[in-house]
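K.L.:
Here is my input; please provide its structure:
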Amino acid sequence: MCGISGFTGLGNEADLQSMTEALTHRGPDATGYAGLPEIPLYLGHKRLSILDHSGGEQPMWLRGRELGLVFNGEIYNHLELRAELEILGHRFVSDHSDTETLLRAYDQWGTSMTKKLNGMFAFVIFDKIKKRLFGARDHFGQKPFYYTQNSKLFAFSSELSSLVKHPQIEATQDKLSLMKYFAHDYIPAPRTVFKDIFKLPAGQQFIFNIDEKKLKIEEYWDFNLDTRPLTLSEGEIEEKLRGLLKSSVSRCLQTDVPYGVFLSGGIDSSCIAKYATDIVGAPIHTFSIYFEEKSFDESEYSNLMAKTLKSKHHFDHLSINKA
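P.N.:
Numbering: from 1, shown residues only. Model prediction:
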(Lines give C-alpha, C1' and ligand atoms only; values in the text may rest on other atoms or scores of the structure.)
Protein backbone atom coordinates (compact mmCIF):
# COMPACT_ATOMS: atom_id res chain seq x y z
CA MET A 1 0.00 0.00 0.00
CA CYS A 2 1.62 3.23 -1.17
CA GLY A 3 0.28 6.77 -1.32
CA ILE A 4 0.34 9.28 -4.17
CA SER A 5 -0.44 12.99 -4.23
CA GLY A 6 0.05 15.96 -6.48
CA PHE A 7 -1.36 18.99 -8.21
CA THR A 8 -0.92 21.37 -11.08
CA GLY A 9 -1.81 25.01 -10.63
CA LEU A 10 -1.72 27.22 -7.57
CA GLY A 11 0.53 25.97 -4.76
CA ASN A 12 4.11 25.21 -3.83
CA GLU A 13 6.39 22.49 -2.47
CA ALA A 14 5.26 23.13 1.09
CA ASP A 15 1.68 22.34 0.05
CA LEU A 16 2.88 19.15 -1.64
CA GLN A 17 4.78 18.09 1.46
CA SER A 18 1.72 18.64 3.65
CA MET A 19 -0.38 16.49 1.33
CA THR A 20 2.24 13.76 1.03
CA GLU A 21 3.13 13.58 4.73
CA ALA A 22 -0.55 12.93 5.46
CA LEU A 23 -0.02 9.62 3.62
CA THR A 24 2.90 8.40 5.75
CA HIS A 25 0.87 5.50 7.18
CA ARG A 26 0.44 4.19 3.62
CA GLY A 27 4.16 4.08 2.82
CA PRO A 28 6.78 4.15 5.57
CA ASP A 29 9.70 2.89 3.46
CA ALA A 30 10.49 5.93 1.31
CA THR A 31 9.30 9.44 0.45
CA GLY A 32 9.65 11.15 -2.90
CA TYR A 33 8.90 14.70 -4.04
CA ALA A 34 9.19 16.45 -7.37
CA GLY A 35 8.49 20.10 -8.04
CA LEU A 36 8.39 21.62 -11.52
CA PRO A 37 7.30 25.23 -10.82
CA GLU A 38 7.68 26.19 -14.49
CA ILE A 39 4.73 23.89 -15.44
CA PRO A 40 3.60 24.23 -12.58
CA LEU A 41 3.46 20.60 -11.36
CA TYR A 42 4.11 18.92 -8.02
CA LEU A 43 4.20 15.15 -7.43
CA GLY A 44 4.56 13.26 -4.15
CA HIS A 45 4.87 9.62 -3.18
CA LYS A 46 4.99 7.51 -0.02
CA ARG A 47 6.33 4.04 -0.69
CA LEU A 48 5.62 0.65 0.82
CA SER A 49 8.32 -1.36 -0.95
CA ILE A 50 7.05 -4.65 -2.40
CA LEU A 51 9.03 -5.12 -5.63
CA ASP A 52 12.58 -4.08 -6.52
CA HIS A 53 13.54 -2.12 -3.40
CA SER A 54 16.30 -0.11 -5.09
CA GLY A 55 14.81 0.26 -8.58
CA GLY A 56 11.28 1.42 -7.84
CA GLU A 57 11.75 4.83 -6.23
CA GLN A 58 9.17 7.47 -7.14
CA PRO A 59 8.39 9.83 -8.71
CA MET A 60 10.00 7.93 -11.58
CA TRP A 61 11.17 9.68 -14.75
CA LEU A 62 12.07 8.88 -18.35
CA ARG A 63 14.29 10.98 -20.64
CA GLY A 64 15.14 13.56 -18.05
CA ARG A 65 11.73 14.76 -16.95
CA GLU A 66 9.84 14.24 -20.19
CA LEU A 67 7.66 11.53 -18.62
CA GLY A 68 7.03 11.17 -14.90
CA LEU A 69 4.98 8.76 -12.79
CA VAL A 70 3.55 8.32 -9.30
CA PHE A 71 1.92 4.94 -8.78
CA ASN A 72 0.14 3.02 -6.03
CA GLY A 73 -0.45 -0.69 -6.47
CA GLU A 74 0.91 -3.73 -8.24
CA ILE A 75 0.91 -4.74 -11.90
CA TYR A 76 0.56 -8.52 -11.81
CA ASN A 77 1.49 -9.05 -15.47
CA HIS A 78 4.46 -6.67 -15.43
CA LEU A 79 6.97 -9.37 -16.34
CA GLU A 80 5.03 -10.27 -19.50
CA LEU A 81 4.70 -6.58 -20.40
CA ARG A 82 8.40 -6.01 -19.71
CA ALA A 83 9.33 -8.85 -22.07
CA GLU A 84 7.06 -7.40 -24.77
CA LEU A 85 8.54 -3.92 -24.32
CA GLU A 86 12.09 -5.23 -24.49
CA ILE A 87 11.30 -6.86 -27.84
CA LEU A 88 10.02 -3.45 -28.99
CA GLY A 89 13.37 -1.88 -28.10
CA HIS A 90 12.99 -0.61 -24.54
CA ARG A 91 16.06 -0.89 -22.31
CA PHE A 92 15.09 -1.14 -18.68
CA VAL A 93 17.16 0.47 -15.94
CA SER A 94 15.59 -1.39 -13.00
CA ASP A 95 15.89 -5.11 -12.38
CA HIS A 96 12.20 -5.98 -12.09
CA SER A 97 10.27 -2.85 -11.08
CA ASP A 98 6.63 -2.83 -12.15
CA THR A 99 6.76 0.97 -11.79
CA GLU A 100 9.22 1.26 -14.67
CA THR A 101 7.17 -1.23 -16.69
CA LEU A 102 4.09 0.95 -16.19
CA LEU A 103 5.88 4.12 -17.28
CA ARG A 104 7.40 2.49 -20.35
CA ALA A 105 4.02 0.98 -21.25
CA TYR A 106 2.64 4.52 -21.51
CA ASP A 107 5.70 5.58 -23.50
CA GLN A 108 4.99 2.78 -25.99
CA TRP A 109 1.19 2.59 -26.16
CA GLY A 110 -0.05 5.89 -24.78
CA THR A 111 -3.43 5.99 -23.09
CA SER A 112 -4.41 2.61 -24.56
CA MET A 113 -1.89 0.94 -22.24
CA THR A 114 -4.58 0.48 -19.57
CA LYS A 115 -6.19 -2.23 -21.70
CA LYS A 116 -3.03 -4.30 -21.21
CA LEU A 117 -2.85 -4.04 -17.43
CA ASN A 118 -3.70 -6.77 -14.94
CA GLY A 119 -3.42 -5.58 -11.39
CA MET A 120 -4.60 -3.23 -8.68
CA PHE A 121 -3.49 0.31 -9.32
CA ALA A 122 -4.01 4.03 -9.23
CA PHE A 123 -1.47 6.20 -11.00
CA VAL A 124 -0.78 9.57 -12.62
CA ILE A 125 1.66 10.11 -15.49
CA PHE A 126 3.00 13.53 -16.47
CA ASP A 127 3.61 13.93 -20.21
CA LYS A 128 5.69 17.05 -20.80
CA ILE A 129 5.49 16.90 -24.61
CA LYS A 130 1.69 16.60 -24.69
CA LYS A 131 1.37 18.92 -21.66
CA ARG A 132 -1.05 16.66 -19.87
CA LEU A 133 -1.62 14.38 -16.93
CA PHE A 134 -2.89 10.88 -17.59
CA GLY A 135 -4.20 8.63 -14.84
CA ALA A 136 -6.30 5.57 -14.19
CA ARG A 137 -7.85 3.40 -11.50
CA ASP A 138 -7.91 -0.39 -11.63
CA HIS A 139 -10.78 -2.48 -12.97
CA PHE A 140 -12.53 -3.03 -9.62
CA GLY A 141 -11.38 0.05 -7.73
CA GLN A 142 -9.13 -1.74 -5.25
CA LYS A 143 -6.80 1.26 -5.10
CA PRO A 144 -8.29 4.64 -4.16
CA PHE A 145 -8.01 7.80 -6.20
CA TYR A 146 -9.52 11.17 -5.25
CA TYR A 147 -9.34 14.41 -7.18
CA THR A 148 -10.71 17.92 -7.40
CA GLN A 149 -10.65 20.64 -10.01
CA ASN A 150 -11.41 24.33 -9.75
CA SER A 151 -10.27 27.51 -11.47
CA LYS A 152 -7.02 27.50 -9.51
CA LEU A 153 -5.80 23.91 -9.67
CA PHE A 154 -6.26 20.22 -10.41
CA ALA A 155 -5.20 18.06 -7.47
CA PHE A 156 -5.27 14.37 -6.62
CA SER A 157 -4.41 11.99 -3.79
CA SER A 158 -4.87 8.48 -2.45
CA GLU A 159 -6.90 9.84 0.47
CA LEU A 160 -9.33 12.64 1.19
CA SER A 161 -7.42 13.57 4.35
CA SER A 162 -4.37 14.28 2.21
CA LEU A 163 -6.20 16.18 -0.51
CA VAL A 164 -7.76 18.68 1.90
CA LYS A 165 -4.30 19.61 3.22
CA HIS A 166 -3.91 21.84 0.17
CA PRO A 167 -4.88 25.38 1.26
CA GLN A 168 -6.97 25.98 -1.88
CA ILE A 169 -9.21 22.95 -1.25
CA GLU A 170 -12.20 23.31 1.05
CA ALA A 171 -13.61 20.33 2.96
CA THR A 172 -17.29 21.20 2.76
CA GLN A 173 -19.73 18.40 3.49
CA ASP A 174 -21.92 17.32 0.59
CA LYS A 175 -25.44 16.78 1.95
CA LEU A 176 -26.57 14.71 -1.04
CA SER A 177 -23.61 12.37 -0.59
CA LEU A 178 -24.48 11.95 3.09
CA MET A 179 -28.04 11.07 2.12
CA LYS A 180 -26.72 8.45 -0.29
CA TYR A 181 -24.49 7.06 2.44
CA PHE A 182 -27.35 6.66 4.88
CA ALA A 183 -29.47 5.06 2.16
CA HIS A 184 -26.85 2.65 0.75
CA ASP A 185 -24.17 2.38 3.48
CA TYR A 186 -21.65 3.80 1.01
CA ILE A 187 -21.28 6.80 -1.31
CA PRO A 188 -21.51 5.78 -4.98
CA ALA A 189 -18.74 7.03 -7.28
CA PRO A 190 -17.89 9.62 -8.36
CA ARG A 191 -19.20 11.50 -5.32
CA THR A 192 -17.46 11.72 -1.94
CA VAL A 193 -18.48 13.10 1.43
CA PHE A 194 -17.02 16.48 0.40
CA LYS A 195 -18.52 18.87 -2.12
CA ASP A 196 -16.54 19.23 -5.38
CA ILE A 197 -14.14 16.41 -4.43
CA PHE A 198 -14.59 13.21 -6.40
CA LYS A 199 -13.31 9.66 -6.63
CA LEU A 200 -12.39 8.24 -10.01
CA PRO A 201 -14.74 5.31 -10.69
CA ALA A 202 -13.30 1.83 -11.10
CA GLY A 203 -12.25 0.94 -14.64
CA GLN A 204 -11.93 4.57 -15.72
CA GLN A 205 -9.06 6.79 -16.81
CA PHE A 206 -8.60 10.53 -17.27
CA ILE A 207 -6.63 13.09 -19.23
CA PHE A 208 -6.08 16.56 -17.81
CA ASN A 209 -4.83 19.16 -20.29
CA ILE A 210 -2.56 21.43 -18.27
CA ASP A 211 -2.71 24.48 -20.58
CA GLU A 212 -6.44 24.34 -21.29
CA LYS A 213 -7.31 23.14 -17.75
CA LYS A 214 -9.75 20.63 -19.23
CA LEU A 215 -10.48 17.24 -17.67
CA LYS A 216 -11.70 14.30 -19.74
CA ILE A 217 -12.78 11.05 -18.06
CA GLU A 218 -13.48 7.87 -19.99
CA GLU A 219 -14.13 4.21 -19.34
CA TYR A 220 -11.42 1.78 -20.42
CA TRP A 221 -13.09 -1.36 -19.02
CA ASP A 222 -16.48 -2.60 -17.92
CA PHE A 223 -17.69 -5.90 -16.52
CA ASN A 224 -18.90 -8.00 -19.43
CA LEU A 225 -21.63 -10.41 -18.38
CA ASP A 226 -21.71 -13.35 -20.79
CA THR A 227 -25.32 -14.53 -21.01
CA ARG A 228 -24.70 -17.38 -23.45
CA PRO A 229 -25.84 -20.80 -22.18
CA LEU A 230 -23.05 -22.83 -20.60
CA THR A 231 -21.94 -25.92 -22.49
CA LEU A 232 -19.54 -27.12 -19.79
CA SER A 233 -20.35 -29.84 -17.31
CA GLU A 234 -20.33 -29.14 -13.57
CA GLY A 235 -16.98 -30.93 -13.28
CA GLU A 236 -15.48 -28.85 -16.10
CA ILE A 237 -16.74 -25.63 -14.49
CA GLU A 238 -15.21 -26.67 -11.17
CA GLU A 239 -11.87 -27.43 -12.82
CA LYS A 240 -11.87 -24.12 -14.71
CA LEU A 241 -12.66 -22.19 -11.52
CA ARG A 242 -9.84 -23.95 -9.67
CA GLY A 243 -7.43 -23.00 -12.43
CA LEU A 244 -8.49 -19.36 -12.43
CA LEU A 245 -8.23 -19.08 -8.65
CA LYS A 246 -4.81 -20.70 -8.55
CA SER A 247 -3.55 -18.47 -11.37
CA SER A 248 -4.86 -15.35 -9.64
CA VAL A 249 -3.27 -16.24 -6.29
CA SER A 250 0.01 -17.10 -8.02
CA ARG A 251 0.17 -13.66 -9.66
CA CYS A 252 -0.36 -11.98 -6.29
CA LEU A 253 2.62 -13.82 -4.77
CA GLN A 254 5.18 -11.99 -6.93
CA THR A 255 6.90 -10.04 -4.19
CA ASP A 256 10.33 -9.38 -2.68
CA VAL A 257 9.01 -9.25 0.89
CA PRO A 258 7.36 -11.81 3.21
CA TYR A 259 3.65 -12.19 2.69
CA GLY A 260 0.63 -13.62 4.45
CA VAL A 261 -3.11 -14.11 4.20
CA PHE A 262 -5.87 -12.63 6.33
CA LEU A 263 -7.82 -15.70 7.39
CA SER A 264 -11.40 -15.55 8.63
CA GLY A 265 -12.15 -19.24 8.20
CA GLY A 266 -14.76 -18.49 5.54
CA ILE A 267 -14.75 -19.90 2.03
CA ASP A 268 -12.97 -16.98 0.33
CA SER A 269 -9.96 -16.54 2.60
CA SER A 270 -9.64 -20.29 3.20
CA CYS A 271 -9.43 -20.97 -0.55
CA ILE A 272 -6.82 -18.23 -1.01
CA ALA A 273 -4.74 -19.52 1.91
CA LYS A 274 -4.95 -23.10 0.59
CA TYR A 275 -3.80 -22.14 -2.91
CA ALA A 276 -1.02 -19.93 -1.54
CA THR A 277 0.23 -22.82 0.60
CA ASP A 278 0.16 -25.18 -2.37
CA ILE A 279 2.00 -22.71 -4.62
CA VAL A 280 4.69 -21.87 -2.06
CA GLY A 281 5.08 -25.48 -0.98
CA ALA A 282 5.65 -24.50 2.64
CA PRO A 283 3.68 -23.11 5.60
CA ILE A 284 2.63 -19.49 5.12
CA HIS A 285 1.78 -16.75 7.61
CA THR A 286 -1.93 -16.29 8.32
CA PHE A 287 -3.54 -13.51 10.36
CA SER A 288 -6.87 -13.32 12.19
CA ILE A 289 -8.67 -11.22 14.76
CA TYR A 290 -11.25 -12.37 17.26
CA PHE A 291 -14.03 -10.59 19.12
CA GLU A 292 -15.63 -10.88 22.54
CA GLU A 293 -19.06 -10.67 20.92
CA LYS A 294 -19.79 -14.27 19.94
CA SER A 295 -22.08 -13.27 17.07
CA PHE A 296 -19.10 -11.63 15.33
CA ASP A 297 -16.37 -14.04 16.39
CA GLU A 298 -15.13 -16.53 13.77
CA SER A 299 -11.95 -17.58 15.55
CA GLU A 300 -13.14 -21.19 15.83
CA TYR A 301 -13.18 -21.48 12.03
CA SER A 302 -9.98 -19.54 11.38
CA ASN A 303 -8.08 -21.58 13.98
CA LEU A 304 -9.37 -24.81 12.45
CA MET A 305 -8.30 -23.75 8.96
CA ALA A 306 -4.89 -22.58 10.19
CA LYS A 307 -4.38 -25.94 11.88
CA THR A 308 -5.43 -27.77 8.70
CA LEU A 309 -2.98 -25.75 6.59
CA LYS A 310 -0.26 -25.92 9.26
CA SER A 311 0.20 -22.18 8.78
CA LYS A 312 2.19 -19.84 11.00
CA HIS A 313 -0.92 -18.35 12.53
CA HIS A 314 -1.06 -14.93 14.20
CA PHE A 315 -4.17 -13.64 15.92
CA ASP A 316 -5.16 -10.70 18.05
CA HIS A 317 -8.14 -9.68 20.12
CA LEU A 318 -10.05 -6.66 18.84
CA SER A 319 -11.99 -5.08 21.67
CA ILE A 320 -14.68 -2.45 21.33
CA ASN A 321 -12.19 0.15 22.59
CA LYS A 322 -9.61 -0.82 19.95
CA ALA A 323 -12.22 -0.71 17.21
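K.L.:
can you pull the buried residues of the longest helix along the chain?
P.N.:
As assigned by DSSP state H, the longest helix anywhere in the chain is helix 234-252. Within helix 234-252, the residues that qualify as buried are 246, 249, 251-252, counting by 16 or more other C-beta atoms under 10 Å. All C-beta spots, glycine's among them, are computed from the backbone N, C-alpha and C.
K.L.:
what does it contact?
P.N.:
74, 76-77, 118, 230, 232, 271-272, 275-276, 278-279 (C-beta atoms under 8 Å, 6 or more residues apart in numbering).
K.L.:
mean confidence score for stretch 303-314?
P.N.:
Throughout stretch 303-314, pLDDT has a mean value of 94.
K.L.:
re the thing from before, which one among the buried residues of helix 234-252 gets closest to Phe223?
P.N.:
Taking C-beta to C-beta as the measure, Arg251 is the one of the buried residues of helix 234-252 closest to Phe223, at 19.3 Å.
K.L.:
pLDDT wise, what is the closest one at?
P.N.:
90.
K.L.:
any idea how far Asn209 is from it?
P.N.:
35 Å (C-beta to C-beta, to the nearest Å).
K.L.:
Compile the contacts of helix 234-252 into a markdown table and extend it with columns for neighbour count.
P.N.:
What follows is those, written out as a markdown table (neighbours: other C-beta atoms under 10 Å):
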| residue | neighbour count |
| --- | --- |
| Glu74 | 22 |
| Tyr76 | 20 |
| Asn77 | 16 |
| Asn118 | 16 |
| Leu230 | 9 |
| Leu232 | 10 |
| Cys271 | 15 |
| Ile272 | 18 |
| Tyr275 | 20 |
| Ala276 | 22 |
| Asp278 | 12 |
| Ile279 | 15 |
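K.L.:
could the residues you listed go into CSV alongside pLDDT?
P.N.:
Listed next are those as CSV, based on pLDDT from 0 to 100:
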residue, pLDDT
Glu74, 94
Tyr76, 94
Asn77, 95
Asn118, 96
Leu230, 83
Leu232, 90
Cys271, 95
Ile272, 95
Tyr275, 95
Ala276, 94
Asp278, 93
Ile279, 93
